[in-house]
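J.: predicted structure and sequence below. I'll ask about it afterward.
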Amino acid sequence: MSPDAQTPPTPQPPPTPTVWRRGASFQEMWRDLLPVGRSPGGGYRRHAWTSADAECRAWFREQAEARGLTYEVDRNGNQWAWLGDEEAGDAVVTGSHLDSVPDGGAFDGPLGVVSAFAALDELHERGTRPVRPLAVVNFCDEEGARFGPACVGSRLATGALTAEQARALRDADGVTLPEAMERAGHDPDAIGADPRRLARVGAFVELHVEQGRFLAEAPGDHPVGVASAIWPHGRWRFDFHGEANHAGTTRLEDRRDPMLTYANTVLAARKKARLAGALATFGKVAVEPNGVNAIASLVRGWLDSRAPDEETLAAVVAEVERAAVERGARDGVRVTVVRESFAPVVEFDHALRDRLAARLGGAPVLPTGAGHDAGVLSAVVPTAMLHVRNPTGVSHSPAETATEDDCAAGVRALVAVLEDLACR
């Protein structure tokens, strides 16, 4: 062979096929997760990169390995369990998250992950074999309960949250996100956009408990619906700067009390949202110096606002800020506002949405005001969502629920969707 001749490539063996095994049942998986991170009030505190979160992550890995799936953790801490060749591309991915809001319910997030593993088991029982790779994912820090911004894992992966922005995040104790990740055994130096991994994904379908009563009140009996869109939403931090003083000796007319301005702003937010057909909530507050007999020097409140369209959302937040500043001027309180996160309106992939609704026999199509990892991924991957009926309509609370029959219906719906997308 001449020196200029090309050496033929060495044949590579085909990837080893996944040994597909059935794992624990839905009920067994649910039972194992229930005690993790349980708070005294009956809710859950599974905040990102804590010991409770570590237990949830260990559970995910156990479920993946019990089924013979290929387990991996990406650069941002998201967990993946692959059936088939993860490098083949055009994969169908399902899953959700395992973290919670403070004292949240058992279903928000975990229902989607448990149902995903149960759906793979059902496909296995039917003898169905996918022609495209399948994966289950647990996106980390979806709720943002510890560091503020929601959907940190998926936002980092898509580049919606930069590595620099993520490294600057701190919890209430001053612990940075990189410090928390490192303490939990994950290398924070690698965080950032992950286009190569997302390029493997051909479609993402997230199953989630409904956060409202649309399905419960819809005509007919519909345990499962398909999401149409996610309202635009964001989080704004309002800082009310006053003057610390003695509660027992300072005359009312001499006070610069930021609590008054904050309280008025809470009421204004409710009024502005109601008039605009939007939502606005102050659900978190921090006070300094936080003494019973002290006038506060600083009140910090976080506004969560959502609306059917971005123009309405912007108008509502602007009105709330205007009301805060005007009242602050009368109270001698300086008001500053910082937008900490924002998600534009998400229209789920129409072709995929309609395909799912048809596959499920004309399931109801409903909008949602709640943000999800599926909404973040929609910027780069065709995404869809299935909602499982919640009879109470309550979410982010221990009262959040779904019946056993409806959970089973959710698994069957997910099986039908995965069979349609990955096995034909």
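T.: Looks like it came in fine. Numbering: from 1, shown residues only.
J.: how many neighbours does the residue lying closest to E142 once chain neighbours are set aside have?
T.: Sequence neighbours aside, H97 is the residue nearest to E142 in space, at 3.6 Å (criterion: Cβ to Cβ, 6 or more residues apart in numbering). Yep, even glycine has a C-beta here, placed from its N, CA and C like the rest. Per other Cβ atoms under 10 Å, the neighbour tally for H97 reads 28.
J.: verify the stated contact: G95 with A118.
T.: No - with contact defined as Cβ atoms under 8 Å, G95 does not count as touching A118 (11.9 Å).
J.: element containing the most centrally placed residue in the chain?
T.: In the chain, the residue lying closest to the centroid (Cα atoms, centre = their mean) is E142, at 3.3 Å. Of the helices and strands defined by DSSP states H and E, none includes E142.
J.: my guess is it meets L156, correct?
T.: No - using Cβ under 8 Å, E142 is not in contact with L156, being 11.8 Å away.
J.: domain-wise, how is the protein divided?
T.: Domain assignment of the chain by automatic domain parsing yields the ranges 26-231+345-422, 233-343.
J.: deepest-packed of those domains, please.
T.: domain 26-231+345-422 (a mean of 20; mean count of other Cβ atoms under 10 Å).
J.: roughly how far is that domain from the heart of the chain?
T.: Averaging C-alpha positions (Cα atoms, centre = their mean, to the nearest Å) puts domain 26-231+345-422 7 Å from its chain's average.
J.: kindly report the same for stretch 248-259.
T.: Here the centre of stretch 248-259 is set off from its chain's centre by 41 Å, with Cα atoms, centre = their mean.
J.: do the same with stretch 256-267
T.: Remark: stretch 256-267 is offset 30 Å from the chain centroid, using Cα atoms, centre = their mean.
J.: for the chain, just list every one of the helices.
T.: Read by DSSP state H, the chain holds these helices, from start to end of the chain: 26-33, 51-66, 110-126, 152-158, 163-167, 177-183, 195-198, 214-217, 258-276, 310-331, 350-359, 373-377, 404-422.
J.: I'd like those as JSON lines, with distance to V338 and mean pLDDT appended.
T.: What follows is the helices of the chain, written out as JSON lines (distance: least, Cβ to Cβ, whole Å; pLDDT from 0 to 100):
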{"stretch": "helix 26-33", "distance to V338": "36", "mean pLDDT": "96"}
{"stretch": "helix 51-66", "distance to V338": "27", "mean pLDDT": "97"}
{"stretch": "helix 110-126", "distance to V338": "31", "mean pLDDT": "96"}
{"stretch": "helix 152-158", "distance to V338": "18", "mean pLDDT": "97"}
{"stretch": "helix 163-167", "distance to V338": "13", "mean pLDDT": "97"}
{"stretch": "helix 177-183", "distance to V338": "18", "mean pLDDT": "98"}
{"stretch": "helix 195-198", "distance to V338": "29", "mean pLDDT": "96"}
{"stretch": "helix 214-217", "distance to V338": "33", "mean pLDDT": "91"}
{"stretch": "helix 258-276", "distance to V338": "15", "mean pLDDT": "98"}
{"stretch": "helix 310-331", "distance to V338": "11", "mean pLDDT": "98"}
{"stretch": "helix 350-359", "distance to V338": "35", "mean pLDDT": "93"}
{"stretch": "helix 373-377", "distance to V338": "21", "mean pLDDT": "93"}
{"stretch": "helix 404-422", "distance to V338": "38", "mean pLDDT": "97"}
